[in-house]
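Asks: Just a sequence and a predicted model for now, questions to come.
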Amino acid sequence: GEDVEQSLFLSVREGDSSVINCTYTDSSSTYLYWYKQEPGAGLQLLTYIFSNMDMKQDQRLTVLLNKKDKHLSLRIADTQTGDSAIYFCADSTDSWGKLQFGAGTQVVVTP
Amino acid sequence: EPEVTQTPSHQVTQMGQEVILRCVPISNHLYFYWYRQILGQKVEFLVSFYNNEISEKSEIFDDQFSVERPDGSNFTLKIRSTKLEDSAMYFCASSEQGEEVQSEQFFGPGTRLTVL
């Protein structure tokens, strides 16, 4: 079946940039998402990108999409301790349909 | 700010018992979803619900599962006869609209179900 894969752990120093990578297999993916999960909380949408875009920037967040390689990345500039969380990559084939998630990347920000 | 709420936050049950997990979606939302995350595994889609009927369901969502919107505000997931492997965090989500416009799915904080 279709799959979304991401690395499980990333450690980064405060002030540095973080880059979280994700690959997906479904060529009909239309929307690609990044969600953040803090302890005890639900999944919070950070940003999404439509499949006809290569890049999207939103303040400290930059999403890059390489549709040919089915590779998605999330760059967090000037990473802060409050950015420590699990980050999930997800895709969907339509705007209202099911999300297919990766396993999540645990980001730990050290002072 | 409106949010999706879920109750209880943690449910412990014996194998074979029925459980009902409750969700209150955001009030003007039209699309509702259940996902689950078994510890250490991916978040998996279970079912989506629109206009009082299931619009899509996964292979996981077998005859033991059912969903209902009993009163226009709650959205429930029932597991008729729980199994050990149903132990997971269950997330409810809702979105405002779909079809032509991309619409964010807002997630609740989850219900942790433990089946003994």
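Replies: It's in.
Asks: and the residue of chain A nearest chain B?
Replies: residue A:96 (2.2 Å; C-beta to the nearest C-beta). Placement of C-beta: from N, CA and C, glycine included.
Asks: what sits against the residue nearest to the spatial centre of chain A?
Replies: In chain A, the residue lying closest to the centroid (C-alpha atoms, centre = their mean) is residue A:34, at 3.5 Å. Contact analysis of residue A:34 by C-beta atoms under 8 Å, 6 or more residues apart in numbering or on different chains lists A:20, A:45-48, A:61, A:63, A:72, A:74, A:87-90.
Asks: let's see 10 Å
Replies: A:20, A:22, A:44-49, A:61, A:63, A:72-74, A:76, A:87-90, A:102, A:105 (C-beta atoms under 10 Å, 6 or more residues apart in numbering or on different chains).
Asks: again with residue B:5
Replies: Counted by C-beta under 10 Å, 6+ apart, residue B:5 has contacts A:42, B:22-26, B:92, B:108-109.
Asks: Identify the bridge partners of it.
Replies: residue B:24 (DSSP bridges).
Asks: now the chain, which segments are flagged as low pLDDT?
Replies: Since you didn't name a chain, this refers to chain A. A:1, A:95 (pLDDT under 70).
Asks: You answered for a different chain; I wanted chain B.
Replies: B:97-102.
Asks: Once you drop chain neighbours, what's closest to the spatially most central residue of it?
Replies: Using C-alpha atoms, centre = their mean, the residue of chain B that lies closest to the mean C-alpha position is residue B:34, 2.9 Å off. Once flanking residues are discounted, residue B:34 sits nearest to residue B:46: 4.3 Å by C-beta to C-beta, 6 or more residues apart in numbering or on different chains.
Asks: that's a helix at that neighbour, yeah?
Replies: No - when classified by DSSP: H, G, I helix; E, B strand; the rest coil, residue B:46 is found to be strand rather than part of a helix.
Asks: For the chain, which segments are assigned as strands?
Replies: This is for chain A. Under the criterion DSSP state E, strands of chain A are mapped to A:4-6, A:9-13, A:18-24, A:31-37, A:43-50, A:55-58, A:61-66, A:71-76, A:85-92, A:100-101, A:105-110.
Asks: To clarify, I was referring to chain B.
Replies: B:5-7, B:10-13, B:19-24, B:31-37, B:43-50, B:53-57, B:65-68, B:75-79, B:88-95, B:106-107, B:111-115.
Asks: Out of those, which is closest to residue A:2?
Replies: Proximity to residue A:2 (C-beta to C-beta) singles out strand B:43-50 among the strands of chain B, at 11.4 Å.
Asks: Just give the strands next to that closest one in its sheet, each with its orientation.
Replies: strand B:31-37 (antiparallel), strand B:53-57 (antiparallel).
Asks: gap between it and the chain center?
Replies: 7 Å (C-alpha atoms, centre = their mean, to the nearest Å).
Asks: Who is the residue nearest to the centre of chain A paired with across the strands?
Replies: Here residue A:34, judged by DSSP bridges, has bridge partners residue A:47, residue A:89.
Asks: what's near enough to touch the closest residue to residue B:66 other than its chain neighbours?
Replies: Among residues not flanking residue B:66 along the chain, residue B:78 sits closest, at 4.8 Å (C-beta to C-beta, 6+ apart). Residues counted as contacts of residue B:78 (C-beta under 10 Å, 6+ apart) are B:18-21, B:64-68.
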